[in-house]
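Novice: sequence and predicted structure below; questions after.
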Amino acid sequence: MSERPLIFIDPYPRNQEMVFSEATERVLRDLGRLVIHFGSRAPDELVEGILPEVQVIIGQTAMPRERLDQAPKLRAILNVKANWEPNIDYEEAHARGIHVLSAAPAMAPAVAEFCLGQAITLARGLQHADPLFRLAQEAYGIGGNAKAYSLYDSKVGLLGYGNLGKSLVPLLRPFQPEILVYDPWLSSGYLSKEGLIPVSLEEILAKSKFLFLLAGVTTENEGFLGKALLEFIPTDATVVLASRSEIVDFEAFIELAGQGRFRAAIDVFPEEPVSKDDLVRKTSHVLFSSHLAGGIRASYARIQEMMLDDIKQIFQGLPPLRMQRAEPNLAAKMRSR
C-alpha cells in the first residue's frame, strides 16, 4: 500500500482561524498526512525536511528553483492570500507541471461590495450626514443633498479589470452606468465583449465621475499614478483606492484628497498597521478604513472551500477549478506585500 500524500500547511500571515477550521482539518486528514506550522514563516529546516515527500503546499512558503529541485513529488502550491508574491519560481513550477494557485477569487466579492458601499457613501454624503444629525445640525430633503450626486446613469471607471473588477461590474450594472476600463494586460476586443468601454489611462482619469483603483502592484506600475496623472481626475469625483496603495504616489493622493480636490475612500496603506501618530489620520475629506474590505468570515470560509475542492481535483489527476491559476509571466511581475 502506497504512503498517503504529504500536505504541508504554512499559511503565515494567515492564522489558523482564517484558513484551518476543524472541518477543514478533518477533510485534509482524510486526504493525506499533515505537517502544520502556524504563527510565523516556517523555519528553513522544517521546510527542507518535508521537501522530498511533500505533494501539496498550502501557504506562502518560498519556493525558488533550488527548493523545487528538492521536491520531486510536489503537485501544487496553494497561496491562501489574495495576491501573487515574488516567492516562487513561477516559470520553473509551470514547466514541471506544478499547479500554483491563488485564493484571490475568494476575497473579491467582499471587496467589491465594500467598494460599492464606499462610493455611494461618498457620493451621497453619508459620511457627513450622520455626525450633523448627532449635533442636531442636519438639513432635510434637497437642503441636505446640495452636494450629493448619484451613481445611477453615471460614468464609472475601473482602473484594472481582474478579480476585483469582475466582481464589481455585476454590482454596478443595476445602476446603468457607462463603465470605462483601463487595463494594459487586456485587449480592447476582450473588454468590449464584456460590455465595457476600453479607454486610455488619461481618458479614464479625466472622464470618470466614479473611479475605482483596482490594479495590483507589479514591477511595471508601482507608484505610476503620480500627482500629474491624479490631477486629471475631475473636481469632486469619487475615487476608491481598493487594491494596493503602492499603485499611487500615496503622498500626492492624500494631498489632493485632503484639499478636497476629489472625494476619496482609502482602505489600504503603504505601511500597515498605520502608526498612531501618522499625519494621514488628520487628513480631511477622506473616508478611511483599516484594510477591512475583503477580510470577513465568508471570504475565509470561501478560501477553505476552494482549497479543499482543488486539492481533491489534483489528487484525482484532474485540473483545479476553483482557485486562480498563476500565469507564470504575469505572476512573476506582481509585487504585493
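Specialist: Yep, that arrived.
Novice: please enumerate the strands of the stretch 51-200 of the chain.
Specialist: 54-59, 76-79, 99-102, 155-159, 178-182, 197-198 (DSSP state E, counting those that start in this stretch).
Novice: if we compare those, which one ends up closest to P319?
Specialist: Distances from P319 to each of these were compared using Cβ to Cβ; the shortest belongs to strand 99-102, at 7.8 Å. (Glycine included, C-beta is placed from N, CA and C.)
Novice: parallel or antiparallel, which strands does the closest one pair with?
Specialist: Using DSSP bridges, the strands paired with strand 99-102 are strand 76-79 (parallel), strand 324-325 (antiparallel).
Novice: buried ones in the helix of greatest length in the chain?
Specialist: Among the elements of type helix in the chain, defined by DSSP state H, the one spanning the most residues is helix 104-124. Counting neighbours by 16 or more other Cβ atoms under 10 Å, one finds that the buried residues in helix 104-124 are 104-112, 114-116, 118-119, 121-124.
Novice: check what contacts stretch 321-337 and list those residues.
Specialist: Stretch 321-337 is touched from outside by 78, 81, 83-86, 88, 90-91, 93-94, 99-106, 163, 185, 216-220, 222, 244, 246, 305-307, 309-310, 313, with contacts defined as Cβ atoms under 8 Å, 6 or more residues apart in numbering.
Novice: now, of the residues you listed, which are buried?
Specialist: Taking 16+ other Cβ under 10 Å as the criterion, what is buried in these is 78, 81, 83-84, 88, 90, 93-94, 99-106, 163, 216-218, 244, 246, 306-307, 310, 313.
Novice: show me what counts as buried in stretch 52-61.
Specialist: For stretch 52-61, burial by neighbour count (16+ other Cβ under 10 Å) applies to E53, V54, Q55, V56, I57, I58, G59, Q60, T61.
Novice: and these, which two are furthest apart?
Specialist: Spatial extent of those (Cβ to Cβ) is set by the pair E53 and Q60 at 20.1 Å.
Novice: which residues of the stretch 201-337 of the chain score low on pLDDT?
Specialist: 335-337 (pLDDT under 70).
Novice: which stretches in it count as strands?
Specialist: With DSSP E, counting those that start in this stretch as the criterion, the stretch 201-337 of the chain has strands spanning 210-213, 238-241, 263-266, 286-288, 324-325.
Novice: select, out of those, the one closest to V181.
Specialist: Nearest to V181 among the strands of the stretch 201-337 of the chain is strand 210-213 (10.0 Å), distances taken as Cβ to Cβ.
Novice: remind me what the closest one packs against, helices and strands.
Specialist: Using 3 or more Cβ pairs under 8 Å, 6 or more residues apart in numbering; DSSP states H and E as the contact criterion, the secondary-structure elements in contact with strand 210-213 are helix 104-124, strand 155-159, helix 163-172, strand 238-241.
Novice: format the ones you listed as a markdown table; extra columns: distance to L68.
Specialist: As requested, the helices and strands packed on strand 210-213 are arranged in a markdown table below (distance: least, Cβ to Cβ, whole Å):
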| stretch | distance to L68 |
| --- | --- |
| helix 104-124 | 22 |
| strand 155-159 | 35 |
| helix 163-172 | 26 |
| strand 238-241 | 36 |
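Novice: which among the buried residues of stretch 52-61 gets closest to E251?
Specialist: Nearest to E251 among these, counting by Cβ to Cβ, is Q60 at 29.1 Å.
Novice: show me what contacts the residue lying closest to R322 once chain neighbours are set aside?
Specialist: Residue nearest to R322 in three dimensions, not counting chain neighbours: M306, with 3.8 Å by Cβ to Cβ, 6 or more residues apart in numbering. By Cβ under 8 Å, 6+ apart, the contact set of M306 is A103, P105, A106, R322, M323.
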